[in-house]
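# dropping a prediction and its sequence here:
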Amino acid sequence: MSTEQSDIPVEPAPWRLTGKAWLFLLSGVPELSSLPAGFAATYQAEALATGGKYIGGPGLVQVVSYTESPVGPYNELIYTPGRWQYDDGSAGFRITRIFVSTKASAANGRRNWNIPKEVADFDYKKGPDGNMHFSVSLPGTSTPFFKASLQSVSLVTRIAIPGKTTLLGQYFKLIQPPLPAGDNPEEVGTSQWVDLVPVMKGSAHAIWVIPEIDGKLGDGVNFPAVVPWSLAIFLDNVDFNVGVATFFDSR
């Protein structure tokens with residue numbers, strides 16, 4: 001272990017986090033060969049595409065701002081293309097691209113749950129037009145690889161609907177393959193498969209999402225150039241529980 005990696009605090013599961021989240025729904029990718037460019041970092045793309053049978057279904061882009069976590073506040077950007085099915089009959093979503101704003105979140109997310117986190121710089125703020133503006137860029141660069149703005153949906157945004165992912169039970173299961181180690185100290189490698197069912201609850205509001213990189217959310221290199229559904233979900237006062245994973249040698 002490098003000296004720099006040893007300076008990253010180790011925070012085992014379970015984690016409880018609070019914050020807010022923005023969920024952008026995507027039309028399903030029909031087959032594995034159709035996964036968009038940028039669906040995963042090059043060095044871990046093969047690991048994240050193989051194992052099990054890809055069965056598709058709706059995809060998701062998620063932006064989260066955590067105000068409290070075991071490793072302190074941080075931001076997160078997630079891409080989930082769909083679900084995979086396995087020989088034992090189980091099925092689950094798979095996160096294939098995810099950026100966070102701190103090394104502590106990246107290292108522990110990989111170690112605890114095989115979540116393929118990388119570090120990026122986040123910027124989000126309310127503009128003079130009243131919209132929320134998001135952008136994410138690689139460290140030390142100024143050109144965003146992800147950019148979007150969010151607009152209120154008149155009266156609908158004033159109605160908060162309690163929401164909790166456990167209402168759909170095992171449908172929200174994540175099944176994540178082992179990860180290769182990356183070049184950066186926080187890009188920890190792992191050796192076993194992971195199953196987990198994260199729980200998220202909060203107040204849901206409808207919003208409009210406006211993709212801002214040539215009409216898409218990403219640049220097609222560091223993040224998929226996907227077009228979300230126009231209507232999105234904002235979750236306020238969110239309580240996240242990410243438990244201890246179940247580990248398997250194979251799936």
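It's in. Residues are numbered from 1 along each chain as shown.

# so who does the spatially closest residue to Q176 that is not a sequence neighbour touch?
The shortest distance from Q176 to any non-neighbouring residue, by Cβ to Cβ, 6 or more residues apart in numbering, is to N114 (3.6 Å). All C-beta atoms are positioned from the backbone trio N, CA, C, and that covers glycine. Counting by Cβ atoms under 8 Å, 6 or more residues apart in numbering, N114 touches 176-179, 190, 192-194, 245.

# quick one: which of the residues you listed is most hemmed in?
Among these, Q176 has the most neighbours (other Cβ atoms under 10 Å), with 27 neighbours.

# residues near I98, how many?
If you count neighbours by other Cβ under 10 Å, I98 ends up with 23.

# hmm, I115 and it touching each other?
Yes - with contacts counted by Cβ atoms under 8 Å, I98 reaches I115, the gap being 6.0 Å.

# quick one: average pLDDT of stretch 144-164?
Mean pLDDT, stretch 144-164: 71.

# also stretch 186-196?
97.

# this structure: helices as residue ranges?
Secondary structure of the chain (DSSP state H): helices at 3-6, 45-49, 103-113.

# and those helices, which is most packed in?
helix 103-113 (a mean of 24; mean count of other Cβ atoms under 10 Å).

# which elements pack onto it?
strand 74-80, strand 97-100, strand 117-119 (3 or more Cβ pairs under 8 Å, 6 or more residues apart in numbering; DSSP states H and E).

# ok, now with 10 Å
Here helix 103-113 touches helix 3-6, strand 15-26, strand 74-80, strand 97-100, strand 117-119, strand 174-176, strand 193-196, strand 231-242, going by 3 or more Cβ pairs under 10 Å, 6 or more residues apart in numbering; DSSP states H and E.

# what angle separates the last one from helix 103-113?
Using axes from the mean of the first three to the mean of the last three Cα atoms, to 10 degrees, the inter-axis angle of strand 231-242 relative to helix 103-113 is 70 degrees.

# check which residues of strand 231-242 are buried.
232-235, 238, 240, 242 (16 or more other Cβ atoms under 10 Å).

# residue contacts, the residue sitting nearest the centre point of the chain?
The residue lying closest to the centre of the chain (Cα atoms, centre = their mean) is I78, at 2.2 Å. Residues in contact with I78 (Cβ atoms under 10 Å, 6 or more residues apart in numbering) are 21, 23-24, 60-64, 95-100, 115, 117.

# ok, these vs T143, which is closest?
Proximity of the contacts of I78 to T143 (Cβ to Cβ) peaks at F99, which lies at 14.7 Å.

# so, low pLDDT: which residues of the stretch 51-200 of the chain?
155-170 (pLDDT under 70).

# try it again at 90.
Scanning the stretch 51-200 of the chain for pLDDT under 90 picks out the ranges 125-132, 152-172, 200.

# ok so, going back, can you list residues touching both of I98 and I115?
76, 78, 105-106, 109.

# still on that earlier bit, looking at the buried residues of strand 231-242, which one is closest to P9?
Of the buried residues of strand 231-242, the one sitting nearest to P9 (Cβ to Cβ) turns out to be V242, at 16.5 Å.

# same list, the helices and strands packed on helix 103-113, but as CSV with distance to S142 please.
Shown next, in CSV, are the helices and strands packed on helix 103-113 (distance: least, Cβ to Cβ, whole Å):
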stretch, distance to S142
helix 3-6, 25
strand 15-26, 23
strand 74-80, 17
strand 97-100, 16
strand 117-119, 16
strand 174-176, 32
strand 193-196, 35
strand 231-242, 26
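
# ok, which of these comes nearest G51?
Across the helices and strands packed on helix 103-113, closest to G51 is strand 193-196 (Cβ to Cβ), at 7.5 Å.
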